[in-house]
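A.B. asks: Next come a sequence and a model predicted from it.
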Amino acid sequence: MTNQVYPTNTLWFIVAILLGVVGYFRRTDHTLMLTFFVIAVYGSSVVYQLYVRNHIATVGWNELIWLLCFPFFSLIGGINKRGGQSKNKGRSPLANNRKNSESYIDEPFVIEESLDFVNHDLFLKRFEEAIFLGVRNKRKLSLMIVEINQFHEFFKEYGYEQTQLFLNKVAELINDIMPEVEIKAYLEEGQFAMLLSGTERANSSIAELWLDDHFNSMLLTRPRGKGTVTAKLRHSKVDCPPHGMTCYEILEKAQQELKFSDV
């Protein structure tokens, strides 16, 4: 019935869907320009039918709804795009290049619950809350990343069980050297993250040296015997500015600045 009264509604619905698709795949400014263009074309069509062809007697609810639908569909497309980007932000470049990297591992690595290391997503949530509280309480924060270099090669050499054991030992060592860290996480790809404040923040350089010293040689029990594995680490520490950067951007910056110790 609606199509008989408003025969062009199907066409405009297709246009609205296309705006949503454009909003998902294209930049925001491009989507806005296209949306304004579509609204202008639709408005011109309404004026033409109202004053030239006399197909409609007055502007009613149908015309007003379409004027709202076009920006709404483009907005929905843009929101979905940002949602997808936010999930990938804060993950290591290596992880982003390996979207299906978990396929080489039968099950993901999980640090022992008693060690109080959270996962990637929960860490970002707590990190965001800590930034908000830090700004309100004028508390300075820093993010420290510790990465096991050549993690994939390590996994291939020793297998899942030994790699999981090794990660747990790394987490235990971090707890021993930095016991006051309240928010800490195992992210992925051999990366650990710690949110520092107070004395831990001031002594982070010393903590890095101690971590390197203890990591230089770790005994692992392999299925065929015992072997000594030299684990080289990369570190980074980024101060959290009070304004201008999200937790995703701070984490991404810290991952980009990973480097070996100078000592």
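C.D. replies: Thanks, I have the structure now.

A.B. asks: Could you pull out the strands in the stretch 51-200 of the chain for me?
C.D. replies: Shown for the stretch 51-200 of the chain, the strands assigned by DSSP state E, counting those that start in this stretch span residues 142-148, 183-186, 191-196.

A.B. asks: for the record, mean pLDDT for the first one?
C.D. replies: Spelled out, that is strand 142-148. Strand 142-148 shows a mean pLDDT of 93.

A.B. asks: Now that strand - C-alpha only, PDB.
C.D. replies: What follows is strand 142-148, C-alpha atoms only, in PDB (Å, rounded to 0.1, in the frame of the first residue of the first chain):
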ATOM      1  CA  SER A 142      52.600   5.500  33.400                       C
ATOM      2  CA  LEU A 143      52.100   2.400  31.200                       C
ATOM      3  CA  MET A 144      54.900  -0.100  31.100                       C
ATOM      4  CA  ILE A 145      55.000  -2.900  28.500                       C
ATOM      5  CA  VAL A 146      57.300  -5.900  28.700                       C
ATOM      6  CA  GLU A 147      57.500  -8.200  25.600                       C
ATOM      7  CA  ILE A 148      59.200 -11.600  25.100                       C
END
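
A.B. asks: That one to strand 191-196, inter-axis angle?
C.D. replies: 160 degrees (axes from the mean of the first three to the mean of the last three C-alpha atoms, to 10 degrees).

A.B. asks: So which residues make contact with strand 142-148?
C.D. replies: Outside strand 142-148, the residues that touch it by C-beta atoms under 8 Å, 6 or more residues apart in numbering are 92, 127, 154, 170, 174, 189-197, 201, 204, 207, 211, 231, 233-240, 250-251, 254-255, 258. No exception for glycine: its C-beta is placed from N, CA and C like everyone else's.

A.B. asks: Buried ones only from these, please, as a ChimeraX command.
C.D. replies: Buried residues within those, by 16 or more other C-beta atoms under 10 Å, are selected in ChimeraX with:
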select :92,127,154,170,174,189,190,191,192,193,194,195,196,197,201,204,207,211,231,233,234,235,236,237,238,240,250,251,254,255,258
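
A.B. asks: quick one, which of the strands of the stretch 51-200 of the chain is nearest to Phe109?
C.D. replies: Closest to Phe109 of the strands of the stretch 51-200 of the chain, according to C-beta to C-beta: strand 183-186, at 7.0 Å.

A.B. asks: who touches Gln150 in this structure?
C.D. replies: Counting by C-beta under 8 Å, 6+ apart, Gln150 touches Lys232.

A.B. asks: Could you report the neighbour count for the nearest residue to Asp212 once chain neighbours are set aside?
C.D. replies: Of all residues not flanking Asp212 in the chain, Ser261 sits nearest, at 5.1 Å (C-beta to C-beta, 6 or more residues apart in numbering). A total of 14 residues lie near Ser261 under the criterion other C-beta atoms under 10 Å.
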